[in-house]
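Student: build me a model:
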Amino acid sequence: MSFTVSAGEAPRGAAVGMTVARNKQGAIPPSGLTASALARRKFEAKPGQVLVVPGATTRILVGVGEASAITLDTLRRAAGAMVRAASGESALAIDLLGVSRLDKRSAAQAITEGAVLAGYSFAKYRTQNHEPSPLVSVVLTGPSNRGVVAGIERGTAIANAVAKVRDLVNEPPGAKTPRDMAAYAEEISAAHGLEIRVWDEHDIEREHCGGLRGVSLGSDQPPRLVKLTYTPAGATRSTPTLAIVGKGITFDSGGLSLKSGDGMMLMKMDMSGAAITIATMGLIGQFKPEVRVIGYACLTENLPGPKAIKPGDVLTARNGKTMEVLNTDAEGRLVLADGLSLAVEDKADAIVDLATLTGAMLVALGSDITGLFTNHPGFAGQVKAASERAAEPMWELPIPPSYRKHIDSTVADMKNIGIPGKAGSIAAAHFLQEFVSGRPWVHLDIAGTAWADADDTFISKGATGVHVRTLVELAEIFTKP
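Tutor: Numbering: from 1, shown residues only. Here you go, the predicted model:
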C-alpha cells in the first residue's frame, strides 16, 4: 500500500470516484451524465459494476445497487472497486460519504478499509515486470467532522493489521518459522502494551503440551507457543475474559502422511489462524475494549523428519487427554488441543479458535463463507453479530452428539481423524470440543476463506486476513455468556 486516506477537498487533478445508485426507474445519473449516456454504456448501477469515463477529469462510476439497501459493506466494496479502477492515477477523490444515511464515522471506516485493502499487493520478491501503483492519496469528500476523521483512523489501523496478516501468510515458509512468528508477536506486544509469554521447545515439553510437541518433532525448526494478554485499565476479577486461539502450522507437508505435490503447494497458509490472532491482539491493544483478551498462537512446522510422529502413536495433551494419531496430516487439531486447554486453565469466559483445519470445509461452503461450530448458542450469537458487522460471512454447522463415535479410538481417549469421506469438519469439531471443558466456545474453520484465488474489490489474490475485523468487533461487544 503506497497511499494515505484523508478527509477534505479533492486534490487538483484527482480522479473522481462517483457512486451510482438505483431506483425503480434505473440508475440515478450523477452530475454531468444523463440516464441515456449511462444506458448507452450499458451501465445499470448493479452492485460492483464499474464504468471509467475518461476526460480532463477521469470519473470512475461504481454501482451500489438500490439506494435504500446500501450497507457498510456496500461502501467498503465500492471503495475497493474505485481504487482498483484508478490504476495509473496519482490521486482519487471518493464521494461515498454522502451516498447513504449510514453513520458517517462507520461509513468512513468501511470506505477506508476497502480503499486501503484494495491497494494491497505482495511484491517483496518480485524483481521484474512490477510497477507499484502510482496512487499516493485517497480523499473522502463530502460531509466531514471529527467522527469521519476518527473513522478513517480506525479503518486505516484495521486495514494495516489485515495487510500484515496477508504479508505473513503470503511469505515463503522459510521466512516465517515459528521463531519468526514469535518475534513478530514480541514486536506487537512492545508496540501496543500487551503482556507476552513465549514458550520455547523446552517449556512446551516441560508444560506437557504433547500435541504441539509431537507435531514439531519432524522438523529441525523448534516450536513456539505464544500467549499475548490485554488487560483493560481498572480490570477486576469480574472483568469478562475472551480467549482467541490460532493454529500456526508455518508449513504443513502432512508429516509422514505426506501430502501430494499439489496438496502441499499452498501449505504456507496453514499458519493463518495464528497470524490473525497476533494481529488482532495488536488492534485490541490499540482500541482498548473493556474486556480482558488473551491470544494464543500454537506455532510449529509439520515435516516428515527422522523423529516425526508415526501413524499409531499416542500423544497426551495439556489437559491430560490422550490422542491416537492415525494420520499425521490431521495435525492442526493436535496443536489446538494444547492452546484450548491453556485457555480453560486461564479461566476464559469464552473461547474462539481459528484454524485452516479441514479441506471438507472448502467443499461444503466454498471460499466466501467460514464454517462455525459451537457448544453455546449465546456466545455463537455474539460471534455472528460481530461477523455481520464486519461483513465476513459465517454459517453454523452442527456438532451432533451421535457423531462423537467418529473419533472413538480403541487405544486412547480419541483418534485424530473421523470416518473417511464422512463429515470430516464435524469430526474435527468434536475433537476440539474435548479440550474446552464445557466453556462457551466457537470454532471457526477458515480453510476456505483464508485464501482467495482471484482479486475481488478489496480482496486480493492470495491471503485474505479474514476475521481480523470480526474479532475486533467481537472484543468490543463481548459480554460473559
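
Student: what helix or strand is Leu61 on?
Tutor: Following DSSP states H and E, one finds Leu61 within strand 59-66.

Student: show me which residues of that strand are buried.
Tutor: Using 16 or more other C-beta atoms under 10 Å as the test for burial, strand 59-66 gives 59-65. To be clear about C-beta, it is placed using only N, CA and C from the backbone, and glycine gets the same treatment.

Student: pLDDT weak spots in the chain?
Tutor: Across the chain, the stretches falling below the confidence threshold (pLDDT under 70) are 1-2, 129-133.

Student: domain assignment for it?
Tutor: For the chain, automatic domain parsing gives the domain ranges 4-158, 171-477.

Student: can you tell me which of these is most buried?
Tutor: Ranked by mean neighbour count, those are led by domain 171-477 with a mean of 21 (mean count of other C-beta atoms under 10 Å).

Student: got a markdown table for the domains of the chain, with distance to Val165 too?
Tutor: Supplementary listing: those in a markdown table, determined by distance: least, C-beta to C-beta, whole Å:
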| stretch | distance to Val165 |
| --- | --- |
| domain 4-158 | 11 |
| domain 171-477 | 4 |
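
Student: of those domains, which is nearest Lys164?
Tutor: Using C-beta to C-beta as the measure, domain 171-477 is the one of those that comes nearest Lys164, at 5.3 Å.

Student: first-to-last residue distance for the closest one?
Tutor: Separation of the first and last residues of domain 171-477 by C-alpha to C-alpha, to the nearest Å is 33 Å.

Student: run the chain-centre distance for it.
Tutor: Put simply, domain 171-477 sits 12 Å off its chain's centre (C-alpha atoms, centre = their mean, to the nearest Å).

Student: go on, stretch 109-128?
Tutor: In terms of C-alpha atoms, centre = their mean, the gap separating the centre of stretch 109-128 from the centre of its chain is 15 Å.

Student: which residue ranges of the stretch 51-200 of the chain form helices?
Tutor: 72-85, 104-118, 146-170, 178-192 (DSSP state H, counting those that start in this stretch).

Student: who are the packing partners of the longest one?
Tutor: Helices and strands in packing contact with helix 146-170 are listed as strand 4-7, helix 104-118, helix 272-287, strand 462-463, helix 468-477; criterion 3 or more C-beta pairs under 8 Å, 6 or more residues apart in numbering; DSSP states H and E.

Student: any chance of CSV for those, columns distance to Val53?
Tutor: What follows is these, written out as CSV (distance: least, C-beta to C-beta, whole Å):
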stretch, distance to Val53
strand 4-7, 23
helix 104-118, 20
helix 272-287, 38
strand 462-463, 31
helix 468-477, 32
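
Student: and Arg237, which of these is closest to it?
Tutor: Closest approach to Arg237 among those (C-beta to C-beta): helix 468-477, 19.2 Å.
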